[in-house]
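Chemist: Next input, structure requested:
(one chain, ligands or ions: 1)
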Amino acid sequence: MSSVFENAKKQIDSVASLLTEDYPDKKRFGRAIRLLKEPQRVLKKKIAIKLDSGKSKSFQAYRSQHNDARGPFKGGIRFHPQVSEDEVKALSTWMSIKCAVAGIPFGGGKGGIALDPKEFSEAELQRLSKKYADFLAPFIGPWRDVPAPDVNTGEREMAWMLEAYEKKIGCHAPATFTGKPIELGGSLGRIEATGQGGFYVLQNYIHRVRNIPARTTVAVQGFGNVGYWFSYFAQKEGYKVVAVSDSSGAILNLKGLDIEKLAKLKEDLGSFDEIVKKFRPKDGQPLADRFISNDELLALPVDILVPAALENSITSENAKKVKAKVVLEMANGPTTPEAEEILLSKKVDILPDVLCNTGGVTVSYFEWVQNLHGYRWTKERVNEELKIIMDKAFEEIYKVVHHKKVSYRKAAYVLAVKRIIDAMMLRGRV
Ligand code: NAD
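Modeler: Residues are numbered from 1 along each chain as shown. The predicted model follows:
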């Protein structure tokens, strides 16, 4: 099986050659690249808890701290059966890249526990989360490492971990975790942040290529948190969102969908196939004209295709059928390297995940800033500051694309790797 961490290292190698001319001391640059390809520290422990049955069970837990030259490690904690050392190392590397792309003062981290949370009670998950925070306590903190939610974890787990951590250190330290409930110092605007950040990337791209929203068609794969908010903001601005999907299939309306109405129906009925089966509006007008498969959605003749569901959804198989001119990656790693080659050969612009979905970590950064100040920003302020950061990141990447004649992904990596290496050199680490 291919290692995701090997892929992450290859991505760093692939931009090293584009940066050599910036560093006259080639040996020093080579050392910096080698350091960047390994996490600074990987914490591992088997954590045992008492189950409700009275028996005890242990779980493999990890935290990878990739690089903190630009600031404290930052990254989520996931609860998933496939969590492994290889995975947390790769994900922590990508977090370093993302934070550097956004220009926020964090390095990369990622943690996880290998388990299927559906198999455990709330009390068991609470015991496990608190023991995990106890294990991490000496290595995390507002100026060391700032964890956040990830797959199968959320506000609830962050609140439990914060409680255990603060108990251990004997004082309040809310800036140690982000993605907390609002009552415990969470930030307004976090829920929509990732979709909203991606929408700002769309706006920047469209303005650059002199297109106009009303003449731009969009198809979105995945209608969860990220897909919904991206579609919501795009439609509000006048883009024609013609198709959206969930795991049951996609809804298509060439005149443009009503995103809010669709979200309400999905909430009531559960999935798109159920909506199509059951929905008959009072005025006799069908909400959407057709139910199509996810494969058909990927092949629609739209301007912008937005994968917002899972990794590896655009593959060497379906990439040939993609007709969109732009792929705007909201999911993490939705395009395989082989698919990327096919799309680039068809002159498709791929706006990469490490740019498009940084809205989430950026608002996490705002949460940290607010906690350190003991102050709460309004939602309007969060949105304004998010726009400033996303606009700047797009503009900087756009310049590299045109200056170095590389893809948007390569440009993002060039920018990020250079920022991290510069910080390492300034600190005299290499
Ligand atoms: P989510 O679980 O809320 O939504 C996922 C959606 O994808 C659901 O609508 C689901 O039905 C759909 N889906 C699943 N399998 C599918 C398939 N085969 N075809 C089409 N749709 C399918 O998850 P989310 O938080 O919206 O995250 C989506 C992606 O964005 C993930 O890759 C995640 O890692 C990435 N991401 C999320 C955030 C965040 O803040 N939530 C931040 C950065 C990156």
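Chemist: Quick check: longest helix in the protein by residues?
Modeler: helix 379-404 (DSSP state H).
Chemist: Is it in proximity to the ligand?
Modeler: No: against the ligand, helix 379-404 shows no contacts by CB under 6 Å from any ligand atom, the least distance being 12.4 Å. C-betas here are computed from N, CA, C, even on glycine.
Chemist: who in the protein is up against the ligand?
Modeler: 194, 221-227, 245-247, 294, 308-310, 330-332, 357, 360.
Chemist: Only the buried subset of those, as a PyMOL command please.
Modeler: Buried residues among the residues of the chain next to the ligand (16 or more other CB atoms under 10 Å), as a PyMOL selection:
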select buried, resi 194+221+222+223+226+227+245+246+294+308+309+330+331+332+357+360
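Chemist: Locate K46 within the secondary structure: which element?
Modeler: Take DSSP states H and E as the rule and K46 turns out to sit in strand 41-50.
Chemist: okay, that strand in CSV with CA atoms only?
Modeler: The C-alpha coordinates for strand 41-50 follow below in CSV (Å, rounded to 0.1, in the frame of the first residue of the first chain):
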residue,chain,number,x,y,z
ARG,A,41,8.7,14.8,17.1
VAL,A,42,6.2,11.9,17.0
LEU,A,43,4.5,11.0,20.3
LYS,A,44,3.0,7.5,20.6
LYS,A,45,1.2,5.8,23.4
LYS,A,46,-1.2,3.0,24.1
ILE,A,47,-3.9,4.6,26.2
ALA,A,48,-6.1,2.3,28.4
ILE,A,49,-9.5,3.2,29.7
LYS,A,50,-12.2,1.4,31.6
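Chemist: Give me the sheet partners of it and which way each runs.
Modeler: Strand pairing for strand 41-50, determined by DSSP bridges: strand 56-67 (antiparallel).
Chemist: Give the buried residues for the strand it pairs with.
Modeler: Using 16+ other CB under 10 Å as the test for burial, strand 56-67 gives F59, A61, Y62, R63, S64, Q65, H66, N67.
Chemist: How about stretch 372-382?
Modeler: W377, V382.
Chemist: distance of the residue in the stretch 151-300 of the chain positioned nearest to the ligand from M330?
Modeler: Of all residues in the stretch 151-300 of the chain, G224 sits closest to the ligand, at 1.7 Å by CB to the nearest ligand atom. Distance check for G224 against M330: by CB to CB, to the nearest Å, it reads 10 Å.
Chemist: remind me which residues of the stretch 51-200 of the chain are low pLDDT?
Modeler: Counting by pLDDT under 70, the stretch 51-200 of the chain contains no low-confidence residues.
Chemist: What segments of it are strands?
Modeler: Using DSSP state E, counting those that start in this stretch, the strands of the stretch 51-200 of the chain run over 56-67, 73-79, 107-113, 145-149.
Chemist: If anything else comes up later, I'll come back, but that's it for now.
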